[in-house]
Structure formats: C-alpha cells, structure tokens
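K.L.:
Sequence and computational prediction follow.
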Amino acid sequence: MDHPLKDHPLYPEARRHVKELRGFYGHALSYVVVIGGLVLLNAFASPGRWWVQWAAFGWGLGLAAHGLSMLTRGSAFGRAWEERKIREYLERAGSR
C-alpha cells in the first residue's frame with residue numbers, strides 16, 4: 001500500500017527524520033529500562049555502596065548528546081554542512 005504523501009518533495013527528508021527520532025526513542029527507552037534494572041541490582045547486591053549513578057551519568061551524557069544532535073540538525077555540522085563538504089571534495093577530486 002503506497003502512502004499518498006510519498007510524492008511530496010520533502011517526503012524523503014521527513015522519513016529520515018522519523019527514523020532518527022525512532023532511534024532516539026529506542027535509545028531513551030533502553031536507558032530507562034537498563035538503568036532501572038541497574039538501580040534494582042545495586043539496591044539488592046550492594047546497598048551500602050551506590051555505583052549506579054556513574055552508569056546513569058555516563059549513559060545520560062550519551063543520551064543527551066543524541067538528543068542534542070536531533071535538535072541541532074541544521075547547525076554548523078548538520079546535514080547541509082556534510083553535503084557542502086561532499087560537494088567540495090568531489091569538485092576537488094574532479095579537477096585532478
């Protein structure tokens with residue numbers, strides 16, 4: 001079944017964005033499930049010594065970076081920058 005919006009000129013960009021968003025949501029869900037499990041493990045295995053915050057902090061930094069990359073897609077090193085650099089490289093390679 002074809003989607004009626006597939007002919008829209010921005011459809012490929014929207015599809016790519018939705019895939020990236022789905023990846024971020026999966027990352028966030030994994031974070032919640034795994035860190036939740038680690039909290040329980042830490043609480044029962046070594047209740048006097050809390051170490052789970054270090055795992056939560058480290059992974060949280062990665063999750064925050066992933067989220068920021070979603071928000072700053074058009075920034076200095078976003079897709080437009082990548083396309084421009086690819087074009088520059090191909091132009092230089094073609095002039096050899």
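P.N.:
Structure's in. What do you need?

K.L.:
Secondary structure element holding the most centrally placed residue in the chain?
P.N.:
Per CA atoms, centre = their mean, the C-alpha nearest to the average position across the chain is that of H66, at 3.8 Å. Using DSSP states H and E, H66 sits in helix 52-71.

K.L.:
Identify each buried residue in that helix, please.
P.N.:
For helix 52-71, burial by neighbour count (16 or more other CB atoms under 10 Å) applies to 52, 56, 59, 63. Placement of C-beta: from N, CA and C, glycine included.

K.L.:
and those residues as JSON lines, adding pLDDT and distance to R22?
P.N.:
What follows is the buried residues of helix 52-71, written out as JSON lines (pLDDT from 0 to 100; distance: CB to CB, whole Å):
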{"residue": "V52", "pLDDT": "97", "distance to R22": "27"}
{"residue": "A56", "pLDDT": "98", "distance to R22": "23"}
{"residue": "W59", "pLDDT": "98", "distance to R22": "19"}
{"residue": "L63", "pLDDT": "97", "distance to R22": "15"}
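
K.L.:
Now do the helix holding H66: distance to the chain's middle.
P.N.:
10 Å (CA atoms, centre = their mean, to the nearest Å).

K.L.:
can you tell me how far V18 sits from L10?
P.N.:
According to CB to CB, to the nearest Å, V18 stands 12 Å off from L10.

K.L.:
F24 too?
P.N.:
Distance from F24 to L10, counting by CB to CB: 20 Å.

K.L.:
So between those two, which is more surrounded?
P.N.:
Higher neighbour count among F24 and L10: F24, with 15 against 9, using other CB atoms under 10 Å.

K.L.:
No further queries at this time; thank you.
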